[in-house]
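1. The following block contains a protein sequence and its predicted model.
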Amino acid sequence: MPAVSKGDGMRGLAVFISDIRNCKSKEAEIKRINKELANIRSKFKGDKALDGYSKKKYVCKLLFIFLLGHDIDFGHMEAVNLLSSNKYTEKQIGYLFISVLVNSNSELIRLINNAIKNDLSSRNPTFMCLALHCIANVGSREMAEAFASEIPRILVAGDTMDSVKQSAALCLLRLYKTSPDLVLMGEWTSRVVHLLNDQHMGVVTAAISLITCLSQKNPDEFKTCVSLAVSRLSRIVSSASTDLQDYTYYFVPAPWLSCKLLRLLQCYPPPEDGAVKGRLVECLETILNKAQEPPKSKKVQHSNAKNAILFEAISLIIHYDSEPNLLVRACNQLGQFLQHRETNLRYLALESMCTLASSEFSHEAVKTHIETVINALKTERDVSVRQRAADLLYAMCDRSNAKQIVAEMLSYLETADYSIREEMVLKVAILAEKYAVDYSWYVDTILNLIRIAGDYVSEEVWYRVIQIVINRDDVQGYAAKTVFEALQAPACHENMVKVGGYILGEFGNLIAGDPRSSPLVQFNLLHSKFHLCSVPTRALLLSAYIKFINLFPETKATIQEVLRCDSQIRNSDVELQQRAVEYLKLSSIASTDVLATVLEEMPPFPERESSILAKLKKKKGPGAVSVTELDDSKREAGELNGGADRGPDTAAMAASNASTPSPSADLLGIRSAAPVGAAQTNAGSLLVDVFSDSGPAAPSAAVNDDGFLRDLEQPTETSDSLLVEGSGDSDSAPPSEDPAPPLSEADELLNKFVCKNNGVLFENQLLQIGIKSEYRQNLGRMYLFYGNKTSVQFASFSTTVSCPGELQAQLNVQSKPVEPLVEGGAQIQQVLNIECITDFCDAPLLNIKFRYGGALQNLTLKLPVTINKFFQPTEMSSSDFFQRWKQLSQPQQEAQKIFKANHSMDTEVLKAKLLGLGTALLDNIDPNPENYVCAGVIQTKGQQIGCLLRLEPNAQAQVQMYRLTLRCSKDTVSKRLCELLAQQF
């Protein structure tokens, strides 16, 4: 046992801590703690005249027990009594206990507040600091209500000690962050701002943290702080290290205060006063000059402090963006750091130069470092530095260096880290589109991109290249020739097949004159890839085949034979089967003229902002793509897309081909090959629908804010209109009636989606609701498709997503608004972003309201968001599985259910459902080969929950039965998963 000094004053506490440390097992520790708790409880109850020392000692023991993870349900009153002691150590322990164990709902809060008020009015600086620290630590709304008006008075009082002022400033900052509506500065504003002139540097440092936070919310009230901050910064920057001896850190005067002052100035535009602005520019120049001076110390702390001020000054220069000389100097200084031996400095330099590249004053200066940045992209060991180098290349790109930068990024892409490939692909695609003057170069670049990193080429990228090829007559022949050559490679990525199928289906006739690319050769080349592709790609190829029949009548017999074969018209996938049957019938009964009309060439697409740029912006987060870039993309879309509008003939044809859908029409395109008469879709173009994941056409009435399908849909109004809420008239105002209770079949509809992510959620005679969703770790995205199955307009259409009860804290669901009007036969789309905070049992509710023929329709469904959607599959060996199985052996961790089979015991169906659950299906694990074993980890924001599953079918019994066993590291998850899965088999 460690020795206890005689002057310690709490020998009993030291002995108790030593006893706990010496316990050999958890049981021994609990036994010793229970003994001590019983002793403390008896002392508190039995000895009414317990002295302050004993109370302090026992309260300390309770605090230590609590920190070990045990619940403490007594001793709070004794801790409150310690607050009234005049001894510092006793009062300190009382405040410590209160800060850690007392919550804002405690019945003792009034007594605590009274004790704090007494200490704040005592004028004893030590007691005042203890009280302020307690207020800041608890930081509850009750504390703010009680003291928010008192603390500013203490802060600005002339007789307040400097140490108390520091504590008061930081305490007020804490209360403002938790309850900003209660901290009203009002008359104290100017006096708080003048704390920047305080002689005590500690007070200034604390006050500036408070002023910066207040300025961000109320900049006009605190704008007088700019001149004071510049004055204080000037004094620090021009001082020698000996002038501020107490606040000099490794020869750098007041580095923390300097950084905070520079950060405060970034809350405001450049000073309007010429003298103040000149003084500030002088300060920034001095900082840049000091960065060039030889270091005064070789210690890393010196360089860290010096560079911290430098980078904050550069951030301020970039923020102002009004001093060309300073911007160029900052760029040159950062250029020196690009080859520094410190990885962190190289990273920060690249990050700052990305921002500098967007300034008109420093863009050219940034471009001079292109070779260094390219070298960093190729040679840096740290992937985060390489990613910043790629960001900088993207930012510095313009027409003069676009081909060089795109070539380097493509070259790097072949060996790039998997974590940044998707982002690199998006950037290459954006740059190639944005700065393309030679469209053949653009086509070559995108096809090369698909060849190098096809798995990371999103749908937006190949949608975009097709849109541009269709809109540019001069590149269509070259694109057909190039993609035909690319498809001849033995290993061809599926995205290349998609592009090839679409372009050859539209423009294969432009290269058909060459015997090497005759119609039959083109068809055989495409069909040779057919069996290797996924269902959506096969659907696209079938649409290309029917286009071939129109372009090349000589291929009709060959293609009809392909469509007629059993693998097509009897395909297990209903989408492919329906396409094959319909296309075969169409090619058989339609005349040449009708076929030519139905299968005419796609008309040009209207000008639109690049969905690739929107996707990159969303991926990088707010502020990653500047407004200037978005505007540039819109301007250049006109050049790239040819700026062609659809002619009146096309519009007339679309109108003539539109028909009123029947009540049984599948407007969402989940079951059928094409939407029936979607009012805004050109019915003359069957290839429109190949851009849907499931084959059919995407929504025709809405523009997808996330960029999916945006470029290939033909909206009836501009995308800006989606940002305008409905007008005040009765047709567009949302209904005010309360949401209806969930439908009786809501649970049944939800259960259909436990093991799948796509399908029709709900359908009646008026409305069809479809779902597509995807999940990654604890995040998910869901697309809801609302289809109007009638010929009458839906008015006042509105949707609300809610999380009832405890689900609000367990699941975060954000939804985008929908259009208030849904035309007859049209379809709109809504995007939901989902975040799993912690495990949950209930499902969010979706309420839909609209007026049909004047009557209000109000229905509520359960969204199919279940805990298993956040599974990450986990592969493991047999030994690892059973070792983990034994570890999860506590009774509450296991959930088991024996139930009768609801469906036939088809092996493939069972496997598909278990994989659809989200877990990994493990082979050769269970000794009984008839059993199924799965493993996965549920990802939530706060924790990971390991899950093991064992499904034992008994097919030989007279009544087929299952035994389902789940073991999870959290008992509530085991029970919920068992309930969900028992209804699936």
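-> Structure's in. What do you need?

2. low-confidence ranges in the stretch 51-200 of the chain?
-> 104-106 (pLDDT under 70).

3. ok, now the chain?
-> Residue ranges of the chain with pLDDT under 70: 1-9, 47-48, 104-106, 241-243, 607-737, 957-958.

4. give me the number of residues near Gly158?
-> 5 (other Cβ atoms under 10 Å). Yep, even glycine has a C-beta here, placed from its N, CA and C like the rest.

5. What are the boundaries of the helices in the stretch 101-250 of the chain?
-> 109-120, 125-138, 141-147, 151-156, 162-178, 189-193, 201-217, 225-238 (DSSP state H, counting those that start in this stretch).

6. Out of these, which is closest to Val457?
-> For these, the distance to Val457 is smallest for helix 201-217, at 40.5 Å, taking Cβ to Cβ.

7. what packs against that closest one?
-> helix 162-178, helix 189-193, helix 225-238, helix 255-265 (3 or more Cβ pairs under 8 Å, 6 or more residues apart in numbering; DSSP states H and E).

8. and if we set it to 6 Å?
-> Applying 3 or more Cβ pairs under 6 Å, 6 or more residues apart in numbering; DSSP states H and E, we find helix 201-217 packed against helix 162-178, helix 255-265.

9. can you give me the offset of stretch 851-871 from its chain's centre?
-> 24 Å (Cα atoms, centre = their mean, to the nearest Å).

10. Please work out how many residues are found near Lys498.
-> 25.

11. where does it land in three-state SS?
-> helix (DSSP: H, G, I helix; E, B strand; the rest coil).

12. any idea how far it is from Lys43?
-> 78 Å (Cβ to Cβ, to the nearest Å).

13. Let's have the helices of the stretch 101-250 of the chain in a markdown table, adding distance to Ser588 and mean neighbour count.
-> A markdown table is the format used below for these (distance: least, Cβ to Cβ, whole Å; neighbours: other Cβ atoms under 10 Å):
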| stretch | distance to Ser588 | mean neighbour count |
| --- | --- | --- |
| helix 109-120 | 83 | 18 |
| helix 125-138 | 80 | 21 |
| helix 141-147 | 75 | 19 |
| helix 151-156 | 86 | 20 |
| helix 162-178 | 72 | 22 |
| helix 189-193 | 83 | 18 |
| helix 201-217 | 70 | 21 |
| helix 225-238 | 79 | 21 |
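
14. Tell me which of these approaches Gly916 most closely.
-> For Gly916, the closest of these is helix 162-178, at 44.0 Å, according to Cβ to Cβ.

15. Who are the packing partners of the closest one?
-> For helix 162-178, the packing partners by 3+ Cβ pairs under 6 Å, 6+ apart come out as helix 125-138, helix 151-156, helix 201-217.

16. mind checking how far that helix is from the chain centre?
-> Counting by Cα atoms, centre = their mean, helix 162-178 comes out at 34 Å from the chain centroid.

17. Kindly report the same for stretch 168-183.
-> Centroid separation between stretch 168-183 and its chain, computed with Cα atoms, centre = their mean, is 29 Å.

18. three-state assignment of Glu485?
-> What three-state DSSP gives for Glu485 is helix.

19. What is the burial count for Glu408?
-> Look at Glu408: counted by other Cβ under 10 Å, it has 20 neighbours.

20. Surely it is in contact with Ile374?
-> Yes: with contacts counted by Cβ atoms under 6 Å, Glu408 reaches Ile374, the gap being 5.2 Å.

21. OK, contacts around Phe762?
-> Ile769, Leu861 (Cβ atoms under 6 Å, 6 or more residues apart in numbering).

22. how close does it get to Lys789?
-> From Phe762 over to Lys789 the distance is 12 Å, taken as Cβ to Cβ.

23. Would you mind giving the helices of the stretch 101-250 of the chain as a markdown table with distance to Asp417 added?
-> As requested, the helices of the stretch 101-250 of the chain are exported to a markdown table (distance: least, Cβ to Cβ, whole Å):
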| stretch | distance to Asp417 |
| --- | --- |
| helix 109-120 | 53 |
| helix 125-138 | 43 |
| helix 141-147 | 46 |
| helix 151-156 | 50 |
| helix 162-178 | 37 |
| helix 189-193 | 48 |
| helix 201-217 | 36 |
| helix 225-238 | 41 |
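
24. Among the ones you listed, which comes closest to Tyr442?
-> Taking the helices of the stretch 101-250 of the chain one by one with Cβ to Cβ, helix 201-217 is closest: 43.3 Å.

25. quick one: contacts of the closest one?
-> Applying Cβ under 6 Å, 6+ apart, the contact partners of helix 201-217 are 162, 165-166, 169-170, 172-173, 195-196, 198, 222, 225, 247, 257, 260, 264, 267.
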